[in-house]
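Asks: just coords:
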């Protein structure tokens, strides 16, 4: 019996007991549906992170902070910790987490460190648009190695006073209707100094960029950032929780981090942030897939039950096949392929409804809780993922059908012909 004939025969056998087959397919499709959604969710989030942070792959930029910032001993539910005067201060001591001038000098001396940049924290009260509307003005100090997706204009120079880069979403702050018209426009930013004196400074828009997940909507140059941060800092001395460095070419990533660790500092590249987020998503994905596994486990029981019932109902038919010369392996193939087909068709049905759910969920998300988050597709069930799920479900049900198939192949032809 040719394999194609075995598939046709097995497929037609599934239609003999329509209700039982339907219930089995329903259980399989539910498991497939939940598995597809969980994997699609992980893939959608992973794609978004990759699109937002992928440009940071290989960027020579590290965030360095005190190692004590990673010590959460000051938080949470834990046993009392004995005070050790020789140990670095706890992260609960906020002031001691700031990097002192001595710390910054020490970081500069760590082997492999070059081009240290200070992220001055500037707080603007608001930005005033030409029509008088006041907007929040979140900002960040421009870093020379920060990769920007510039869509108009030019990037900032290392010393570029009075110039800013503006997110394309923040064009209303300068009264611009399109990206190109924003170039050269004035941006009015208001802030208070340490004594509470209100000042407004006028910047010129030098470039417009498409922001990523971790980029601020306004970038100001380091010279202006230092000036304003100094005015706002108590005692005219800006404080830093972390600094940014570049790695010299004569040292590896691992060696640099080890050198920083020996000096009681922690260094993270932007690639590390990307990997951390992907690891979190993978963990969530595995957890959701585990719940799907419960539904799939229930469907496996249904497959085994369906095929055992089929063996009992078709005992005389099996005997007739054997009496006409069919071999044991042919009978085995018939029932095992029937099990695989249950998984295949159940997988197709589950994927179909998962795809419909994907369209609905993505649309609802885009119009509600993810409104304004550009470039994100919450669920992304790719063709390769569809093929993978169907193959996995088919293999699982095929394995589940091996025992009933083996039992069917061992039926004695003489006894089976007498079976009532």
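Replies: All right, it came through fine. Because the structure is predicted, anything quoted here is derived from the model rather than measured.
Asks: now the strands for the chain?
Replies: In the chain, the strands defined using DSSP state E lie at 62-66, 113-117, 126-128, 134-135, 140-141, 149-153, 163-167, 186-192, 198-210, 218-220, 242-247, 265-269.
Asks: With distance to residue 355 and mean neighbour count added, can I get the ones you listed in CSV?
Replies: No exception for glycine: its C-beta is placed from N, CA and C like everyone else's. Below are the strands of the chain laid out as CSV (distance: least, C-beta to C-beta, whole Å; neighbours: other C-beta atoms under 10 Å):
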stretch, distance to residue 355, mean neighbour count
strand 62-66, 40, 22
strand 113-117, 47, 17
strand 126-128, 44, 19
strand 134-135, 40, 14
strand 140-141, 40, 21
strand 149-153, 31, 15
strand 163-167, 34, 24
strand 186-192, 45, 18
strand 198-210, 30, 17
strand 218-220, 41, 26
strand 242-247, 44, 21
strand 265-269, 37, 21
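Asks: Dump those to a markdown table, plus distance to residue 232 and mean pLDDT.
Replies: Shown next, in a markdown table, are the strands of the chain (distance: least, C-beta to C-beta, whole Å; pLDDT from 0 to 100):
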| stretch | distance to residue 232 | mean pLDDT |
| --- | --- | --- |
| strand 62-66 | 21 | 92 |
| strand 113-117 | 19 | 91 |
| strand 126-128 | 15 | 94 |
| strand 134-135 | 19 | 94 |
| strand 140-141 | 13 | 92 |
| strand 149-153 | 28 | 92 |
| strand 163-167 | 17 | 94 |
| strand 186-192 | 7 | 96 |
| strand 198-210 | 10 | 95 |
| strand 218-220 | 13 | 94 |
| strand 242-247 | 18 | 93 |
| strand 265-269 | 26 | 92 |
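Asks: Take these and write them to JSON lines, including distance to residue 228.
Replies: Putting those into JSON lines (distance: least, C-beta to C-beta, whole Å) gives the following:
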{"stretch": "strand 62-66", "distance to residue 228": "22"}
{"stretch": "strand 113-117", "distance to residue 228": "16"}
{"stretch": "strand 126-128", "distance to residue 228": "14"}
{"stretch": "strand 134-135", "distance to residue 228": "18"}
{"stretch": "strand 140-141", "distance to residue 228": "10"}
{"stretch": "strand 149-153", "distance to residue 228": "22"}
{"stretch": "strand 163-167", "distance to residue 228": "12"}
{"stretch": "strand 186-192", "distance to residue 228": "6"}
{"stretch": "strand 198-210", "distance to residue 228": "7"}
{"stretch": "strand 218-220", "distance to residue 228": "8"}
{"stretch": "strand 242-247", "distance to residue 228": "18"}
{"stretch": "strand 265-269", "distance to residue 228": "27"}
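Asks: between these, which one is nearest to residue 255?
Replies: Judged by C-beta to C-beta, the one of these that comes nearest to residue 255 is strand 242-247, at 9.1 Å.
Asks: Looking at the strands of the chain, which is nearest to residue 290?
Replies: strand 265-269 (29.9 Å).
Asks: ok, residue 7 touching residue 337?
Replies: Yes - using C-beta atoms under 8 Å, residue 7 makes contact with residue 337 at a distance of 6.0 Å.
Asks: who's more crowded, these two?
Replies: residue 337 (22 against 16; other C-beta atoms under 10 Å).
Asks: where's the more buried one relative to residue 5, distance?
Replies: Distance of residue 337 to residue 5, given as C-beta to C-beta, to the nearest Å: 11 Å.
Asks: Can you get me a residue count around residue 406?
Replies: Using other C-beta under 10 Å: residue 406 sits among 15 other residues.
Asks: what about it, distance to residue 335?
Replies: 8 Å.
Asks: again with residue 279
Replies: Distance from residue 279 to residue 335, by C-beta to C-beta: 42 Å.
Asks: Looking at those two, which one has more neighbours?
Replies: residue 335 (25 against 10).
Asks: can you map out the helices along the stretch 1-150 of the chain?
Replies: Applying DSSP state H, counting those that start in this stretch to the stretch 1-150 of the chain gives helices spanning 3-13, 18-53, 101-109.
Asks: per-domain residue ranges of the chain.
Replies: The chain breaks down into these domains under automatic domain parsing: 3-53+276-417, 62-264.
Asks: Out of the helices of the stretch 1-150 of the chain, which gets nearest to residue 178?
Replies: With C-beta to C-beta as the measure, helix 18-53 is the member of these nearest residue 178 (23.7 Å).
Asks: Which positions in that closest one come out as buried?
Replies: 20-21, 24-25, 27-49, 52-53 (16 or more other C-beta atoms under 10 Å).
Asks: ok, now stretch 400-409?
Replies: 400, 401, 404, 405, 407, 408, 409.
Asks: repeat for stretch 227-241
Replies: Buried-residue list, stretch 227-241, by 16+ other C-beta under 10 Å: 228, 229, 230, 231, 232, 238, 240.
Asks: low-confidence ranges in the stretch 1-150 of the chain?
Replies: Applying pLDDT under 70 to the stretch 1-150 of the chain flags residues 68-97.
Asks: ugh, wrong one, the stretch 151-300 of the chain
Replies: 158-159.
Asks: follow-up on the earlier one: out of the domains of the chain, which gets nearest to residue 270?
Replies: Using C-beta to C-beta, the nearest of the domains of the chain to residue 270 is domain 3-53+276-417, at 6.7 Å.
Asks: Off-centre distance for that closest one?
Replies: 26 Å (C-alpha atoms, centre = their mean, to the nearest Å).
Asks: In the buried residues of stretch 400-409, find the pair that's most separated.
Replies: 400 and 409 (16.1 Å).
Asks: Please enumerate the helices of the stretch 251-400 of the chain.
Replies: 253-262, 270-313, 315-323, 328-367, 383-400.
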